[in-house]
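S.K.: I need the structure of the sequence given here:
(2 chains)
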Amino acid sequence: MSLHCENLLDVDIPQACDLFAKVFGHSTLPAHWAWKYQQGPRLAGLNLIIRSPEGQLLGHAGASVFAGQSQGRSLPMAQLSDVMVDPAARGILDSQGVYAQLMRGMQQTLQTQFPGVFAYGFVGIRPFRLGARMGLYKSQHACRAGLMPIGQPRGWRDWLCTAQAMDWQEAFERKVFERLWCQASPRLDRPQLVRSSNYMRWRYAQHPQHNYQLWVIRSMARTNGWLVTRCMPSGQQTVIDQLSLQAGAGAQAGTLTAISAVGRALQCRQPESPLKLNSWSIETPESQQLEPVIGVEFRVGEWHTLPHNPVFVPGDTDVF
Amino acid sequence: MRDRETELHYYPKAMLSLQGISHVLCIAPHPDDEVLGCGGALALFARQGVQVQSVIVTSGDKALGAASAEHAAEREQESRRAAQILGSEPPQFLLFEDRALRYSSALVDALGQAMQSHLVPNLPALLLLPSLSEPHPDHQAVALAGLTAAQNWLGPLRVLYYEVGAPLHPNTYLDISTVAGTKWQAVAQFGSQLTLESYETHAKAFASLRSFGLGSGCVAAEAFFEVDLKKVKLSGPLAALPQWPWVRSRLELANASQDLPLVSVLVRSMDRSSLAETLASVAQQTYSNIEVVVVNATARVHSPLSYVPAHLQLRLIDPHNPLGLDRPVAANLALEEAQGSLALFLDDDDLIAPEHLQRLVQALHEQPRATGAYSGVQVVREDGEVLREYDSPWSRQRLACINFLPIHAVLFRMDAVRERHIRFDTSLPVLEDWDFWRQLCSDRELVHCPGVTAVYRQGLGQSGLSDPANENHWKAWHLQLLQRYQSQVPLKDTVELLAWHAVELDNLGDQLSQLRWTQKALQQQLAQSHQARELLQQELENFSHQIRQVLDDKEAQLHRFAQESQQALDDKEAQLQRFAQKNQQALDEKEAQIQRADLQRQKLQEMLAAMQAWRRWRWIEAIRRILGRK
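M.R.: Now for the predicted structure:
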């Protein structure tokens, strides 16, 4: 059977959504698909598919390319997502299999359209091992969620930081994201997507399904970061995204201080029940026992040689 | 100036006498310092029957990085075993935070209490302290606090600095050859530390070095610097200590308690949630000797201040007034409670930057005649937006007309307040601080430390000061106070004041003109820069156009070359094909020829065979043989 990659057409989206349900066990809607691959300040949304001779969708690989930066230089960043192979078409692991063809097609497309792109994705342990064996993936960041009890700060220094809930519209009007990105980006030593107003609007304010809470972080009365949380369906408050003006050695401490400040503010809303805040930035003995989601680099051309690996946040995926 | 000095004067070698001492107290920042620095001395004194006691300030629980209670317990146990070997009393542990020791009244008090517990006021005692020249910050803090505690001690006391991490400039030696083995045995107890660093080797090197010049019988010695306490008290550390005070002064480090006066931070609390942040901003000060006095100005019991870090010495003054306290009343109560020689008011919603107190204390240290020092203050809205900055140079005339000193901008001397009994005017609901500054500066000056190191949060307060609709809006009270002041000063002074403002206005006008001119010049520069940038942009575009052109040409050339090559290749291939065809044809012909020749040969052979088979031929052959013709 001769297979070849082609671009997904709009008419194929319902079929892609069906494949999504078949592969991941839960459904997605064409509207969500459109948000994910067609809207926002993206540089490109790529969707490669493979069909059977009868026209049935056998596999899909998507990539959303956004403006990113690393060490003060712009770097297009492509997030690989929804790599799906119909269960009936699995099992062929050689270079002619659906998975291999899709990956090769995506590599070629990205390399042609965005030379030097940093491509990444989030995979479980097994797909990671498979991809790593095939020379497609390299681990960048093991993402594990830890829980931080909130309400009381971890130490007196946490009091130096406060969090104030802010409406998205107000934040856009005040240019909170632009101002902070301008200050923070020259200090950021790890690759990350440009957190501009347009990106934040698309990713959080205009998300078709989820509601996100924006927090502005202040220290010495000055705004020095923001943080986004979401109350997950389980009721668990989760840190989805954040930006801090602190970089380098103090970055992790700054992150935890900001999380602590948000925790106190959240606890004020529900003083009766003790809360815990979930974040990929929190390491606990329990979190170390969890199977991580692996943030990987997807090889396009040569592997990137980065002085510092990216540190991903849940907001970097579309799952959260 | 002379070129040389004799050993005895330059490096005096007084030997420490073991006689005439009834108690020895060794203050060690961490478990093991008491043994590494002066274990020999402790053993020798113990053998003399002197009561020897060590006080360990921290338990060294951060030696492995993060604080660890297990590691602290292990180190304490090591110290106890070492004390037993040296013959001293079991050590006392003060449990201060490791690697975070600061000179503070809390530390001075703790060391003073340790002296009270272990020394007898009338009996001669020896106090051993880590040297001020030590590299470890905890050692320096203990050296300073220990020296202050020693200065406060009224009994007969000798103070010796010992060395652990770096050689000091000694003036006193002790031959420990007879107890060296005991000292190394005690050092060996600190197994948890010996795996981190070769402390034993270093201590032995010190002991060997210090035996130099003490005679051939001496194989190990300890060296000390004996501090002349009287001299320190009378003339200060510069006169009493060797070269360290100069080095430390150059690094803006304190040499004695005089350099680190107690600062009282006075907080009038309305028990708001912002208080925690305010106190955290005090806790992060780089200046260490601070007491915080929080006066509960509310009518209710104040919330517990459980979030206050252990290193911050804080007193909550709760007057239990059912009506609460007005701002000036609360301020006066705070003034009465303050124990420091310097004080700073900090409202419970305001913030000070980490270096705020250090800068102001340093400014007052350099200007002993000034009654206070102040820095710039940024006024921010609740949402973090900066509204303005107060950072004007000092001027009594300016203060006479307007308050340009937010209350937490000023660190002031308490002696002036105490001597002249300066208090806040309790009739003023707002601007009471302006009136206070006017009193404080009536005969002395303030020092200005330019630069913003404090934040005033407008909108969080409840005084109504900045609300035009409120009866306490500053303008109304400003007018009232000006009228009051005007009635108190002679007309001549008022005229001078007006003249000063007129001149100041002129100066400001000149400055404005200058700034406008500079702005214009900068705008021109900017325009030129824009022009230059556009030119560069144009050049860049031209260049990239040229590059693109060259690239296109090259690409076309390459394309042509590829086409030509392909053509040549095709031609060659066709040629080769023709040649191959021709050769094949020739080969076929040759093969056909061979086949034909083979056929002919076959026929001839057949003919020959037929001829040989012919009878007449056989006869003719026989006749030929007979005739000898064959």
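S.K.: just how off-centre is stretch B:621-630 within its chain?
M.R.: 134 Å (CA atoms, centre = their mean, to the nearest Å).
S.K.: same question, stretch A:299-308
M.R.: Per CA atoms, centre = their mean, the displacement of stretch A:299-308 from the mean C-alpha position of its chain is 19 Å.
S.K.: what comes into contact with that stretch?
M.R.: By CB atoms under 8 Å, 6 or more residues apart in numbering or on different chains, the residues outside stretch A:299-308 that reach it are A:70-71, A:78, A:107, A:110-111, A:115-119, A:135-138, A:189-191, A:297. Where you see a C-beta, it was placed from the backbone N, CA and C, and this is true even at glycine.
S.K.: now do the buried residues in that stretch.
M.R.: The neighbour-count check on stretch A:299-308 (16 or more other CB atoms under 10 Å in any protein chain shown) flags A:299, A:300, A:304, A:306 as buried.
S.K.: what's the neighbour count on residue 99?
M.R.: I went with chain A, as the question did not name one. 24 (other CB atoms under 10 Å in any protein chain shown).
S.K.: meant chain B actually
M.R.: Around residue B:99 there are 15 residues (other CB under 10 Å).
S.K.: so what's the residue nearest to residue B:308 when sequence neighbours are not counted bridging to?
M.R.: Leaving aside its chain neighbours, residue B:308 sits nearest to residue B:314 (5.2 Å; criterion: CB to CB, 6 or more residues apart in numbering or on different chains). As for beta bridges, residue B:314 partners with residue B:292 under DSSP bridges.
S.K.: which residues touch residue B:87?
M.R.: With CB under 8 Å, 6+ apart, residue B:87 has these contacts: B:42, B:43, B:46, B:47, B:52.
S.K.: ok, now which ones touch the last one?
M.R.: In this case it means residue B:52. B:23, B:24, B:26, B:42, B:45, B:46, B:86, B:87, B:88, B:89.
S.K.: distance-wise, check the first one relative to chain A.
M.R.: So the one you mean is residue B:23. According to CB to the nearest CB, to the nearest Å, residue B:23 and chain A sit 38 Å apart.
S.K.: shouldn't that residue be in contact with residue B:51?
M.R.: Yes - counting by CB atoms under 8 Å, residue B:23 does reach residue B:51; the two are 5.0 Å apart.
S.K.: shared neighbours of these two, which are they?
M.R.: Common neighbours of residue B:23 and residue B:51 (CB under 8 Å, 6+ apart) are residue B:118.
S.K.: pLDDT on stretch A:295-307, on average?
M.R.: Stretch A:295-307 shows a mean pLDDT of 90.
S.K.: how about the longest strand along chain B against chain A, any contact?
M.R.: Secondary structure of chain B per DSSP state E: the longest strand is strand B:446-457. Yes - using CB under 8 Å from any CB of the partner chain, strand B:446-457 reaches chain A at B:455, B:457.
S.K.: contact partners of whichever helix or strand comes after that strand?
M.R.: Downstream of strand B:446-457, the next assigned helix or strand under DSSP states H and E is helix B:474-488. For helix B:474-488, contacts defined as CB under 8 Å, 6+ apart pick out B:400-402, B:428-431, B:434-435, B:438, B:465-466, B:468, B:494.
S.K.: following helix B:474-488, which helix or strand comes up?
M.R.: By DSSP H and E, the next helix or strand past helix B:474-488 is helix B:491-613.
S.K.: that following helix vs helix B:474-488, what angle?
M.R.: With axes from the mean of the first three to the mean of the last three CA atoms, to 10 degrees as the basis, helix B:491-613 and helix B:474-488 are set at 140 degrees to each other.
S.K.: other SSEs contacting helix B:491-613?
M.R.: helix B:396-401 (3 or more CB pairs under 8 Å, 6 or more residues apart in numbering or on different chains; DSSP states H and E).
S.K.: would you list every one of the strands in the stretch 151-300 of chain A?
M.R.: All strands of the stretch 151-300 of chain A, identified by DSSP state E, counting those that start in this stretch, fall at A:161-166, A:192-193, A:213-219, A:222-231, A:237-244, A:276-279, A:293-298.
S.K.: my error: substitute the stretch 101-250 of chain B in the last question.
M.R.: Counting by DSSP E, counting those that start in this stretch, the strands of the stretch 101-250 of chain B are B:125-130, B:157-162, B:172-175, B:221-227.
S.K.: turn these into a markdown table, including distance to chain A and mean neighbour count.
M.R.: Conversion of the strands of the stretch 101-250 of chain B to a markdown table gives the following (distance: least, CB to the nearest CB, whole Å; neighbours: other CB atoms under 10 Å in any protein chain shown):
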| stretch | distance to chain A | mean neighbour count |
| --- | --- | --- |
| strand B:125-130 | 27 | 27 |
| strand B:157-162 | 33 | 25 |
| strand B:172-175 | 42 | 21 |
| strand B:221-227 | 35 | 25 |
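S.K.: let me have the ones you listed in TSV, extended by mean pLDDT.
M.R.: Compiled in TSV, the strands of the stretch 101-250 of chain B are given as follows (pLDDT from 0 to 100):
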stretch	mean pLDDT
strand B:125-130	97
strand B:157-162	96
strand B:172-175	96
strand B:221-227	96
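S.K.: can you give me the buried ones in the lengthiest helix in chain A?
M.R.: In chain A, with assignment by DSSP state H, the single longest helix is helix A:251-269. Across helix A:251-269, burial judged by 16+ other CB under 10 Å covers A:251, A:254-267.
S.K.: send me it as PDB with only the CA atoms.
M.R.: Presented in PDB, the C-alpha positions along helix A:251-269 are these (Å, rounded to 0.1, in the frame of the first residue of the first chain):
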ATOM      1  CA  ALA A 251      13.600  32.800  38.700                       C
ATOM      2  CA  GLN A 252      12.400  29.600  40.500                       C
ATOM      3  CA  ALA A 253      12.200  31.400  43.900                       C
ATOM      4  CA  GLY A 254      10.300  34.200  42.200                       C
ATOM      5  CA  THR A 255       7.900  31.700  40.600                       C
ATOM      6  CA  LEU A 256       7.200  30.000  43.900                       C
ATOM      7  CA  THR A 257       6.700  33.400  45.700                       C
ATOM      8  CA  ALA A 258       4.200  34.400  43.000                       C
ATOM      9  CA  ILE A 259       2.400  31.100  43.300                       C
ATOM     10  CA  SER A 260       2.200  31.600  47.100                       C
ATOM     11  CA  ALA A 261       0.800  35.100  46.600                       C
ATOM     12  CA  VAL A 262      -1.900  33.800  44.300                       C
ATOM     13  CA  GLY A 263      -2.600  31.000  46.700                       C
ATOM     14  CA  ARG A 264      -3.200  33.500  49.500                       C
ATOM     15  CA  ALA A 265      -5.500  35.500  47.300                       C
ATOM     16  CA  LEU A 266      -7.400  32.400  46.300                       C
ATOM     17  CA  GLN A 267      -7.700  31.300  49.900                       C
ATOM     18  CA  CYS A 268      -9.200  34.700  50.800                       C
ATOM     19  CA  ARG A 269     -12.000  33.900  48.400                       C
END
